[in-house]
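Undergrad: I would like the atomic coordinates for the input below:
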Amino acid sequence: MKAFPLGIVPLGIVAFLSLCCFLHAEFVVEPYSSKPTADELSFVQTWLGHLTQGSLTQGGQTADESRYSPQIPFSFLCGERSNREWIQPDNATVQTSEWTNDTRLHTLRWKDDVTSLSCEMHLTEYRNFPAMTWTIYLKNEGTADTAPIHDFKALDTVWKRKDGSMPILYRSQGSDGRTDDFVFVGEEMRKSMWGHSRTVRMDYQKNRDFRLASNYSDKDSDTRPSATWMPFFNLQTGPDGLIVGIGWNGLWFAEIGHDGNGTCPLSAGMQHINTKLLPGESIRSPLMLVFYWSGELMHSQNMFRQFVLTHFTPQENGQAVRMPACCPSWGGTPTNIHLDVIQQIVDQKLPYDYYWIDAGWYGKSETDCPNVFIGDWGTVGDWIVNRHRHPDTLKPISDAIKKARIKFLLWFEPIRTTFGTDITLKHPEWFLKTSDQPGKGANVLLDLGNPDARKYITDTVSQLLTENGVDCYREDFNMDPFPFWTFKEESDRVGMREMRFVEGTYAMWDELRTRHPNLLIDNCASGGRRIELEMMKRSVPLWRTDYNCFPWLVTEATQAHTFGLAHWVPTNSISPFLTVADTYQCRSGLSSGVIYGIEEFGQRSASDPDFDWQWQRDRIAEAKRAMPYFYGDFYPLTSGNYSLENWLAYHLYLPEKESGLIVAFRRPKSDVISMNFDLTTLKPTARYEFEDVDTNEKIILMTGAEVRKTGFTVSTQQPRESRLIYYRRVD
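TA: Below is the predicted model:
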């Protein structure tokens, strides 16, 4: 197992130890729940009220200066003039909307005659969560260029601990195609026992240093927003803390400090920005989230999960969209094989929700592309159906999918473009490059900040979605855009290409969702490297990491990925890479959605006479029963490790149904036959029924108190075995 850096402790260990403390203590349920308390809601309402209502003489509320700064929580410089010189809570013009979907928008406005800048803070309040989000907009209202806008921090505030506890920073690594993707770690905010101050920064250089030091990443740098670190962190300051989230599909930074005496400066925003504004021109900041919590750590994470599901997940009929059970296939696979697989789905009564066609279905090539490892699928830009592989276009496949009463997912990669394809030669001005003369076959970047380029690709994708009856638009993005944004960048317009590209990305997706109201968008970028709040509002990550593209993956890492990402993003899925009927490996891919292949992207054949259709049917049905539980609360029962010698286990709980699911894996080299777990969700006086999926055994326990006192034992017969155990209240 890869060692963690000194001073970093896997969160699962922290949570596991804290859970164990309750085995012989008073039974506690509510502190771990996802339900906000009245005090948590009140704390944020007071903070937000101070920002929106100004001084007490104007009927506002007093900031709690013992906990946070009374200043507006963002900052920037225009030339040498600081926004602090003209932007305060008590001199804002404030407009407040009506409540809609349990949110309301406060628009705070300021105007500065010295710089000719206007500033708007779009501040969103949430009725049922102790959270606020905001985006800052700056506009040049003058007739001349402004001085450079720089040091633009969308978040710039101070947080102070409530007691003498040492602050602890919790965060997760990103989606880098590694065994330790999404690992959730906690680290004290001090350098040592002798030095109690510390600063942690995530930005281009620090992330690069981290990647180089680990000697474990394919790329020395990757500026996609969730490639190195997830754009969320949780700062625990004794009995309470703040979760901070960032919404920016570009290069962001975050800095978390501790002065050694309990004061923690916090800042975050777009890192690469130093630009004048032309007359009438405007820019925006990343979206910022501040989420207050009090009590237990897992209470904070579970509240955050429910907040994400409610406000930062695509909605369907007033609820977070339900993730699908997908049958993946390779786009380069010939039409007749697709039709055979779809017919098998019908004949074998496999309860899939989506048929997934991945890369390789497009272009002008007349060669074969049988799987991800062989062929020219990486040549992108000619968005026409490949007639060598699909002589009659995708229409026969689409018709067969609809006849099978399932939905159709289709892969695209419209932004990375291969130089030499027709569109790059016809409209070279639409593309960003890293050299003046890119060679044939080189990658170029479609500039979504160019309205004409964005209209072209939006129209092209929309037409293909309509013609083929596509229900899920899967957009991949297999490149780091930062070198393209910065090539020959004007010195007085630093960051403007990135700014317009990011805005264009959101605009393109919004337009597709407007034209296709029931469209589901799958957010992929070499796996899950574009997971951030703005993208999460519009999409779900069906393929969370490219680690699972390869047959030599470590199955136990897939289990750990689920465990780590579950702290932040409830809706995600991955293929466990099934090439044989292996229940342990299959269950390693359990999440709110699943991808269980038949052909496994061209890696096996449905015509194999030994194909175990009953096993496939059972696994899909098993997953579809489990998937709703991943929308509930998440409780670690072990550390989030990928060691072959250890167990990994967690349980999921649906408060409204008072039922849960224990997921446990005994790894191949573990000599521990059984594990005993405390289940903090059980009410002591209630009776519960437990059901072991593998043995069909049902156990009635008189009260939850019996489990809380002695624990619930999960037993196995042999190493490399998994257990799914449901429980529900029966009185």
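
Undergrad: so Leu445 makes contact with Pro481?
TA: Yes: in this structure, Leu445 is within contact of Pro481 by Cβ atoms under 8 Å, at 5.6 Å. (C-beta placed from N, C-alpha, C; glycine too.)

Undergrad: what do these two both touch?
TA: Ile415, Leu432, Phe501 (Cβ atoms under 8 Å, 6 or more residues apart in numbering).

Undergrad: and the helix or strand that contains Leu235, what other elements does it pack with?
TA: Element membership for Leu235, per DSSP states H and E: strand 229-237. With contacts taken as 3 or more Cβ pairs under 8 Å, 6 or more residues apart in numbering; DSSP states H and E, strand 229-237 sits against strand 155-160, strand 168-173, strand 240-247, strand 252-258, strand 263-270, helix 297-311.

Undergrad: take the shared contacts of Leu445 and Pro481 and keep only those in strands.
TA: Leu432 (DSSP state E).

Undergrad: for the helix or strand containing Phe484, buried residues please.
TA: Phe484 is part of helix 482-486, with elements assigned from DSSP H and E. Neighbour counts over helix 482-486 (16 or more other Cβ atoms under 10 Å) mark Phe482, Phe484, Trp485, Thr486 as buried.

Undergrad: residue nearest the centroid of the protein?
TA: Geometric centre of the chain, nearest residue: Ile531, 3.8 Å, by Cα atoms, centre = their mean.

Undergrad: contacts only, for the closest residue to that residue other than its chain neighbours.
TA: Residue nearest to Ile531 in three dimensions, not counting chain neighbours: Ser226, with 4.1 Å by Cβ to Cβ, 6 or more residues apart in numbering. Ser226 is in contact with Gly174, Ser175, Gly528, Arg529, Arg530, Ile531, Glu532, counting by Cβ under 8 Å, 6+ apart.

Undergrad: I'd guessed the last one sits against Leu251; true?
TA: No: under the criterion of Cβ under 8 Å, Glu532 makes no contact with Leu251, lying 11.4 Å away.

Undergrad: find residues that contact each of the two.
TA: Shared contacts of Glu532 and Leu251, counting by Cβ under 8 Å, 6+ apart, come down to Pro225.

Undergrad: returning to what we had before: quick one: which of the buried residues of helix 482-486 is nearest Asp90?
TA: Trp485 (38.3 Å; Cβ to Cβ).

Undergrad: which ones are touching the closest one?
TA: Gly250, His272, Leu432, Leu445, Arg497, Glu498, Phe501.

Undergrad: tell me the secondary structure at the second one.
TA: When classified by DSSP: H, G, I helix; E, B strand; the rest coil, His272 comes out as coil.

Undergrad: residue contacts, the closest residue to it other than its chain neighbours?
TA: In space, and not counting its chain neighbours, His272 is closest to Gly495: 4.8 Å by Cβ to Cβ, 6+ apart. Applying Cβ under 8 Å, 6+ apart, we find Gly495 in contact with Met270, His272, Ile273, Asn274, Thr275.

Undergrad: just want the phi and psi numbers for Gly495.
TA: phi 100, psi -10 (degrees, to the nearest 10).

Undergrad: next one, pLDDT for it please.
TA: Among the per-residue scores, Gly495 shows a pLDDT of 98.

Undergrad: how close does it sit to Arg284?
TA: 12 Å (Cβ to Cβ, to the nearest Å).
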